[in-house]
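# Fold the following, please.
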Amino acid sequence: MDEQSLLRTLTKVVTTLTAREIPFTVSGGCAVYARGGPPSDHDVDVFLKEEDVPAARAALVAEGMRPEDPPEDWLSKVWDGDVLVDLIFRPNYRAVTDETLSRSDVMRVGPTMAPVLNGTDIMVDKLLVLDAHRCDFAPLLHIARDLREQVDWERVAKETGESPYAQAFLTLLDSLDVVELEGTA
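Okay, here's the model as predicted:
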């Protein structure tokens, strides 16, 4: 997927949800990109509260996107041509709340201005995905280096403390002097 197609779809999503006054925040790879990380090449992710998903989905379908009913119970999906948009309301089985949305910053993402998930929440989300089947630290190292000054690493360690994969990654960051964490080394 090319960067321009993703940014075009992101702009359409932001414009539509903002016009309908549906609270959301840009998340995933587009949020990483907005905060100075590598460009996203996969899809457009937005976080929103579960009760806002039906209105968001209907608004995006009214703008020409086609809905998809995924088997997962934590998101909804729509397609803008070949670009997938994930409407995520329970990332890693943690509900998106008003507090989650309030921690976002309005930033430029390509041609649009949008609320963007903060660096700490991005890293928590990315680390909680790690498991025995998804344990590639290489892309996360780039993201951690690019976002390191925007992240409360102690909060990340606390919120991901139950994940041995996240803890291993944080130990690696500390050992490489990417970040300095209390209680490691």
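
# Name the residues of the longest helix belonging to the chain that are buried.
Determined from DSSP state H, the single longest helix within the chain is helix 3-19. Of the residues in helix 3-19, those buried under the neighbour-count criterion (16 or more other CB atoms under 10 Å) are 6, 7, 8, 9, 10, 11, 12, 13, 14, 16, 17. For glycine as for every other residue, the C-beta is placed from the backbone atoms N, C-alpha and C.

# Can you name the residues that contact the residue nearest to residue 161 when sequence neighbours are not counted?
Nearest residue to residue 161, sequence neighbours excluded (CB to CB, 6 or more residues apart in numbering): residue 167, at 7.0 Å. Listed by CB atoms under 8 Å, 6 or more residues apart in numbering, the contact partners of residue 167 are 157, 160, 161.

# swap in residue 173?
If a contact means CB under 8 Å, 6+ apart, then residue 173 has 141, 144, 153, 179, 181 as its contacts.

# Closest one of the residues you listed to residue 114?
Using CB to CB, residue 144 is the member of these that sits closest to residue 114, with 22.8 Å.

# Any idea how many residues pack against the closest one?
26 (other CB atoms under 10 Å).

# Quick check, it in contact with residue 178.
Yes - counting by CB atoms under 8 Å, residue 178 is a contact partner of residue 144 at 5.8 Å.

# care to break this structure down by domain?
3-117, 123-175 (automatic domain parsing).

# How far does the longest one sit from its chain's centre?
Here domain 3-117 shows a centroid-to-chain-centroid distance of 8 Å under the convention CA atoms, centre = their mean, to the nearest Å.

# Low-confidence ranges, this structure, go.
Low-confidence segments of the chain, defined by pLDDT under 70, span residues 1, 183-185.

# and if we set it to 90?
In the predicted model, the chain carries pLDDT under 90 at residues 1-4, 38-42, 110, 180-185.

# got the residue ranges for the helices in the chain?
Secondary structure of the chain (DSSP H): helices located at 3-19, 28-34, 53-62, 98-102, 119-128, 137-147, 153-159, 164-175.

# need the buried residues of helix 3-19 in JSON lines with distance to residue 70, can you?
Putting the buried residues of helix 3-19 into JSON lines (distance: CB to CB, whole Å) gives the following:
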{"residue": "6", "distance to residue 70": "19"}
{"residue": "7", "distance to residue 70": "23"}
{"residue": "8", "distance to residue 70": "23"}
{"residue": "9", "distance to residue 70": "17"}
{"residue": "10", "distance to residue 70": "20"}
{"residue": "11", "distance to residue 70": "23"}
{"residue": "12", "distance to residue 70": "20"}
{"residue": "13", "distance to residue 70": "17"}
{"residue": "14", "distance to residue 70": "22"}
{"residue": "16", "distance to residue 70": "20"}
{"residue": "17", "distance to residue 70": "19"}
